[in-house]
Structure formats: C-alpha cells, structure tokens
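Trainee: need coordinates for the below:
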Amino acid sequence: MNYECCQQCGLTLQVDELKENTCRECCTNPPYFDATYCLDRYDGKLQSALHQLKYQRRLAYAHGLASTWNALLAKRLITTQADYLLPVPLSQEKLCARGFNQSWELARRISCDKRIRKNPHILKRHHSAQHQAQGNRAGRQIAIQDMFYINPQYQGQLESASVIVFDDVMTSGATLNEIARILKDNGASRVINWVLLRTLRPSQRSEYV
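Mentor: Sure, this is the predicted structure:
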C-alpha cells in the first residue's frame, strides 16, 4: 500500500492521526489484537480477483493473490515471530456450501518464517444464518459475539503463544477483534492480523471507486 495506515487496525489514517500512527477509534476503544498488516485496499485492483476466488470458486486465483502477497509484502513480514498462523474459519455449513475456506487457501500459500505453524483446525466457528457484510460496526460486533471457539483438541496449546490471524477482507474489524478476544482468553499473549484487503472509512470510499 502507498498510504499511511493505523498500525493497530490497518485503517487509512487521516491527516490529524499521522503523528500517532493510530486512528482515533483504536485510541478511544483499543481492540484486542495488537497489530494489522494489509496488502491493499478493498476497492483496489485485487478486489475482482478475490471475488472470483470467493464467489465463483475459482481456486486458481488463490495462487495469483498469494503470489502478489509474497512479492509485495512477505519480505516486510518475514521477520515476524509467531507460533501459529491461523485462518479466519468458516462454519462447517458454510465450508460445505462453498467447498473451501478462502482465507486458508490464501494463508497456506503465503511465505512466512518456517517456524510458524499454519493450522486451519485450531479456530472454529458456529454457524449463523445472519449475513454480516452489510451491517454497521455496532451491529457486526453484536452479531459476531461468541461466534468463535477453540477446538477442544488444541485446548491449552495457546498458552503464551503469539498468533497471526489471516483474513481475506477486514471491514469493521469486529470479526478479527472477537477472534483476538477468544485467543487471548485462551492464553495467547499477542495477536497480529494479516489481511489481504482492507476496506476504507465510509467517507473515503467514494474517492477510490
């Protein structure tokens, strides 16, 4: 990305926020996660490719998107020290309907320190018929509450762990914040978000359409 972003949530900073490198929302209501790294904005050139992967089930696009990540961002993040890299999970119902988890298809192809263990089974998600993509921030936070849990098979393995969570799109941040809360409630010491595409503030989106 070629614009300044909040070091905690990845939101594009406004001029009066540049000095602190943190947006007003994160200063006022600090999230559970500790940092966010994004490849590009949602309304940029990669949006169409992600839609082909996600909604047209064209898995070949996962290779291209991951290759773009590796070419543009992987070197910057290669020194990131963590114990696990976990994709944002889909519910079992959604996984069966789509056939794959797009976040895992991307995460398993990106380059990172070989000591970081990639695992799609630790984080689990309950099924909800409610669609959240169009909800406002407060509504999404309520809808996502208690939606995630740790696979009992891995209970206790996150104690003092540093965890990277990979998501294809970060919108309000409610999903990643809830995941970070669950991870820290289960002993994780640090949670970092790696995100393919980050949406802009509502007031900024028209500038990039």
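Trainee: name the residues of stretch 100-114 that are buried.
Mentor: Neighbour-count burial for stretch 100-114 flags Asn101, Gln102, Ser103, Trp104, Glu105, Leu106, Ala107, Arg108, Arg109, Ile110, Cys112 (criterion: 16 or more other Cβ atoms under 10 Å). Every residue, glycine included, has its C-beta placed from N, CA and C.
Trainee: quick check: end-to-end length of that stretch?
Mentor: This stretch, stretch 100-114, spans 24 Å end to end (Cα to Cα, to the nearest Å).
Trainee: hang on, the earlier thing: now the buried residues of stretch 100-114 in CSV, please, with extra columns for secondary structure, pLDDT and distance to Thr171.
Mentor: Converted to CSV, the buried residues of stretch 100-114 look like this (DSSP: H, G, I helix; E, B strand; the rest coil; pLDDT from 0 to 100; distance: Cβ to Cβ, whole Å):
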residue, secondary structure, pLDDT, distance to Thr171
Asn101, coil, 98, 17
Gln102, helix, 98, 15
Ser103, helix, 98, 14
Trp104, helix, 98, 19
Glu105, helix, 98, 20
Leu106, helix, 98, 17
Ala107, helix, 98, 18
Arg108, coil, 98, 23
Arg109, coil, 98, 23
Ile110, coil, 98, 21
Cys112, coil, 97, 24
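Trainee: residue closest to the middle of this protein?
Mentor: Nearest to the mean C-alpha position of the chain, counting by Cα atoms, centre = their mean, stands Asp167 at 3.0 Å.
Trainee: list the helices and strands the strand or helix carrying it packs on?
Mentor: Asp167 belongs to strand 162-170 when assigned by DSSP states H and E. Counting contacts by 3 or more Cβ pairs under 8 Å, 6 or more residues apart in numbering; DSSP states H and E, strand 162-170 packs against helix 47-55, strand 84-87, helix 102-107, helix 174-185, strand 190-198.
Trainee: now those as CSV including distance to Cys26?
Mentor: As requested, the helices and strands packed on strand 162-170 are arranged in CSV below (distance: least, Cβ to Cβ, whole Å):
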stretch, distance to Cys26
helix 47-55, 24
strand 84-87, 22
helix 102-107, 23
helix 174-185, 10
strand 190-198, 12
